[in-house]
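Participant: Sharing a model that was predicted from the sequence below.
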Amino acid sequence: MAETAPASQATNATQRIVDALTNAIVERRLMPGTKLVEQQLADLFSVSRTLVRQALNQLSRDHLVRLLPARGAFVAEPSPEEARQVFEVRQMLELQLVRQLCGQLGPAQIAQLRKHLAMEAKALKQGDVPGRTRLLADFHVLLARLAGNEVLAQLLADLLARCSLIALMYQSTHSAEHSASEHVELVDAIESGDAKRAARLMQEHLGHVEQALQTKPAARDLASALRVA
């Protein structure tokens, strides 16, 4: 009889599935409502269905997957009211965050933000849709990390993953470019120490993002979305 895999290996395998599914959702390669078949996932990742089930349970706790009795697992489909609440929470958190950052960041930290903006611009220029999507989201997490608040950074990462579910379309090049441009303005305001302007820009930015994410994308098959050969 084959030996049971060490607990650490099982944990790593489960996390690999969680990370792959989360990334596919954040980068809008998996649309809301997609059915996640346990056996298909087990085959794709060469693991047992037990490990797949553990990953899906974790994603369910994170509100990224919905588990339905006798029907299986599906990428969650947030209601319009939930979407409104998620962006409302982001407004509360991120307006205060940018106010706090104004006058607090030194040259090295501003340089780190500028480097991130350059990566956004490069992804846009190259037409790298998954890359630009992740970078545009990571900008907000980076702000929290620069404030020295890892709890807030993780909370924002979770909220941004849920925002990707709310985004029922791939972001258009125009709206992505607009978001990147607004990030540049935000960094300028933070660097200048203008807390009032930074908060106003963040409020407008989040409002624009919420308005731009409305239409359903074309469906993709599971293997392609997860980039598993």
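Facilitator: Yep, that arrived.

Participant: At which residues are the helices of the chain located?
Facilitator: Along the chain, counting by DSSP state H, helices occupy 7-26, 38-45, 49-61, 80-101, 107-125, 129-146, 150-166, 173-192, 195-212, 222-226.

Participant: just the angle between the second one and helix 49-61, please?
Facilitator: Which is helix 38-45. Angle, helix 38-45 to helix 49-61, by axes from the mean of the first three to the mean of the last three CA atoms, to 10 degrees: 110 degrees.

Participant: okay, helix 38-45 in PDB with CA atoms only?
Facilitator: Taking C-alpha atoms only, helix 38-45 is exported to PDB below (Å, rounded to 0.1, in the frame of the first residue of the first chain):
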ATOM      1  CA  GLU A  38     -13.500  18.300  -8.600                       C
ATOM      2  CA  GLN A  39     -12.300  15.400 -10.800                       C
ATOM      3  CA  GLN A  40     -11.300  17.700 -13.600                       C
ATOM      4  CA  LEU A  41      -9.300  19.800 -11.100                       C
ATOM      5  CA  ALA A  42      -7.800  16.700  -9.600                       C
ATOM      6  CA  ASP A  43      -6.600  15.600 -13.000                       C
ATOM      7  CA  LEU A  44      -5.300  19.000 -14.000                       C
ATOM      8  CA  PHE A  45      -3.200  19.200 -10.800                       C
END
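
Participant: quick check, distance from that helix to the centre of its chain.
Facilitator: Averaging C-alpha positions (CA atoms, centre = their mean, to the nearest Å) puts helix 38-45 23 Å from its chain's average.

Participant: Show me what that helix packs onto, helices and strands only.
Facilitator: Contacts defined by 3 or more CB pairs under 8 Å, 6 or more residues apart in numbering; DSSP states H and E place helix 38-45 against helix 7-26, helix 49-61, helix 222-226. C-beta here means a position set from N, CA and C on the backbone, and glycine is covered the same way.
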